[in-house]
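Enquirer: Here's a sequence, model it:
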Amino acid sequence: MWSIRNTYLNLHSKGVILILNAQNPKNLLVSLIVIVFTLVLLSGLSGNVAANQEELVLATTTSTYDSGLLGELNPVFEERFNVKIKTIAVGTGAAIKHAENGDADVIMVHARSAEDEFMKEGWGVNRRNLMYNDFVIVGPGEDPAGISDMSKATAAFKQVADPGGSFVSRGDDSGTNKKELSLWDAVGVEPGGKRYLEIGKGMGDALVQADRMGAYTMSDRGTYLTMKDNLDLEILVQGPVNGGDPVLMNPYGAIAVNPAKHPSVNYSMAMAYIGFVTSPRGQEIIGNYMVKGEHLFFPNALCEKPNFSQYVPEDFRE
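Expert: Residues are numbered from 1 along each chain as shown. Next up is the predicted model:
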């Protein structure tokens with residue numbers, strides 16, 4: 001009945017090997033007790049390892065999170081560097097504020113003017129170009145303002161303002177909100193009134209609200225494509241990815257928080273993260289990421305010619 005000979009149990013997680021050579025029930029029972037004790041001990045050790053695992057705090061935009069891109073990108077980095085990434089997904093303005101407060105180690109955002117101010121004030125260092133997509137203007141299929149297929153975003157905004165179309169704004173100081181406000185400013189319109197709704201939330205919420213109201217909004221292409229099957233909104237004005245207005249280009253950058261401002265930040269891991277997402281492997285993941293057969297982001301960190309403007313504010317002069 002008890003004829004077990006040379007039964008082996010390998011516990012590879014900690015390099016422990018227990019050899020069971022049980023020829024009778026008593027020896028087998030002792031061996032099993034040893035196994036259980038060892039497993040409990042190793043479980044405790046594993047818990048301590050997890051508790052002591054290094055952490056990197058990434059403050060980024062809702063578009064990188066809601067689109068699912070970070071779900072593809074971050075686990076590869078976490079495994080390679082044995083680190084846990086804590087993601088704060090907010091608008092660009094809020095992400096930058098987290099970094100200024102020392103509550104983030106690295107940011108991934110998409111508003112170059114705000115990024116430049118962040119660096120000018122000394123909060124961020126070692127900025128890198130990362131990727132781009134574009135903005136699109138979406139609205140109900142019946143298109144009451146008649147902006148469908150307009151070639152200029154400013155003309156579309158003016159048309160929405162004049163004849164009576166409703167517009168939903170994120171109103172959250174995000175990169176998308178900053179771009180939207182710059183377009184209103186370009187056509188000399190001060191947005192407001194009953195037909196202009198600022199919700200103070202992310203892109204997904206703005207799309208849902210516009211869908212409910214039959215209103216227009218401006219979205220990054222990635223978030224719209226991720227959600228479009230659940231919306232009755234259509235792309236009415238294209239950005240440059242599909243041959244539309246170049247003013248709707250939407251570039252992203254990654255910036256480490258300056259350790260001279262906040263010595264407690266995980267600067268070395270922040271630089272490792274920037275190095276990873278701008279490396280051939282990171283850029284490959286970004287370029288290959290698709291939703292419903294469409295690319296959401298286009299990598300642009302790698303280039304043969306020098307591009308020093310990515311590292312400093314665009315108006316920087318010696």
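Enquirer: C-alpha only now, for contacts and for neighbours.
Expert: Will do.
Enquirer: What separation do you get for residue 101 and residue 52?
Expert: Distance check for residue 101 against residue 52: by CA to CA, to the nearest Å, it reads 24 Å.
Enquirer: typed the wrong thing, it's residue 104
Expert: Computed as CA to CA, the residue 104 to residue 52 distance reads 19 Å.
Enquirer: who has more neighbours, the two?
Expert: residue 104 (27 against 10; other CA atoms under 10 Å).
Enquirer: Can you pull the phi/psi pair for the closest residue to the more buried one other than its chain neighbours?
Expert: Nearest residue to residue 104, sequence neighbours excluded (CA to CA, 6 or more residues apart in numbering): residue 57, at 4.9 Å. Backbone dihedrals for residue 57, given as degrees, to the nearest 10, come out at phi -100, psi 120.
Enquirer: in which helix or strand would I find the residue positioned nearest the centre of the chain?
Expert: Per CA atoms, centre = their mean, the C-alpha nearest to the average position across the chain is that of residue 64, at 2.7 Å. Assigned by DSSP states H and E, residue 64 belongs to helix 62-66.
Enquirer: again with residue 285
Expert: According to DSSP H and E, residue 285 maps onto helix 280-288.
Enquirer: okay, that helix in PDB with CA atoms only?
Expert: These are the backbone C-alpha positions of helix 280-288, laid out as PDB (Å, rounded to 0.1, in the frame of the first residue of the first chain):
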ATOM      1  CA  PRO A 280      13.000  49.600 -30.200                       C
ATOM      2  CA  ARG A 281      11.000  47.200 -28.000                       C
ATOM      3  CA  GLY A 282       8.800  49.800 -26.500                       C
ATOM      4  CA  GLN A 283       8.200  51.500 -29.800                       C
ATOM      5  CA  GLU A 284       7.400  48.100 -31.300                       C
ATOM      6  CA  ILE A 285       4.700  47.500 -28.700                       C
ATOM      7  CA  ILE A 286       3.200  51.000 -29.300                       C
ATOM      8  CA  GLY A 287       3.300  50.600 -33.100                       C
ATOM      9  CA  ASN A 288       1.700  47.100 -33.000                       C
END
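Enquirer: Just name whatever secondary elements that helix is in contact with.
Expert: Contact partners of helix 280-288 among helices and strands, from 3 or more CA pairs under 8 Å, 6 or more residues apart in numbering; DSSP states H and E: helix 69-81, strand 298-299.
Enquirer: Now for residue 172: which residues touch it?
Expert: In this structure, residue 172 makes contact with 91, 93, 199-202, judged by CA atoms under 8 Å, 6 or more residues apart in numbering.
Enquirer: Find the pair from those with maximum spatial separation.
Expert: Of all pairs drawn from these, the widest gap by CA to CA lies between 93 and 199 and measures 15.3 Å.
Enquirer: And these two? Which one has more around it.
Expert: It is residue 93, of residue 93 and residue 199, that has more neighbours when counted by other CA under 10 Å, with 21 against 14.
Enquirer: show me the contacts for that one.
Expert: Going by CA under 8 Å, 6+ apart, residue 93 touches 114, 172-175.
Enquirer: if we go to 7 Å?
Expert: 173-174 (CA atoms under 7 Å, 6 or more residues apart in numbering).
Enquirer: Ramachandran angles for it?
Expert: Per-residue torsions, residue 93: phi -60, psi -40 (degrees, to the nearest 10).
Enquirer: do residue 229 as well
Expert: The main-chain torsion angles of residue 229 are listed as degrees, to the nearest 10 and equal phi -70, psi -20.
Enquirer: And the average pLDDT for the helix holding residue 64 is what?
Expert: Rounded to a whole number, the mean pLDDT of helix 62-66 is 91.
Enquirer: what does stretch 216-227 give?
Expert: Mean pLDDT, computed over stretch 216-227, is 94.
Enquirer: end to end, how far does it reach?
Expert: Taking CA to CA, the span from the opening residue of stretch 216-227 to its closing residue is 15 Å.
Enquirer: what residues does that stretch touch?
Expert: With CA under 7 Å, 6+ apart as the contact definition, stretch 216-227 has outside contacts at 63, 66-67, 133-139, 166-169, 176, 203-204, 210, 291, 296.
Enquirer: how does it look with 6 Å?
Expert: Stretch 216-227 is contacted by residues 63, 67, 134-139, 167-168, 296 when judged by CA atoms under 6 Å, 6 or more residues apart in numbering.
Enquirer: Same check on stretch 150-170?
Expert: The contact list for stretch 150-170 (CA under 6 Å, 6+ apart) reads 145, 147, 177, 183, 195-201, 206, 210, 215-217, 237, 245.
Enquirer: from the middle of its chain, how far away would that stretch be?
Expert: Here the centre of mass of C-alpha atoms in stretch 150-170, compared against the chain's by CA atoms, centre = their mean, to the nearest Å, lies 28 Å away.
Enquirer: In this structure, where's the longest strand?
Expert: If each strand of the chain is counted by residues according to DSSP state E, the longest one is strand 124-140.
Enquirer: Noted, bye for now.
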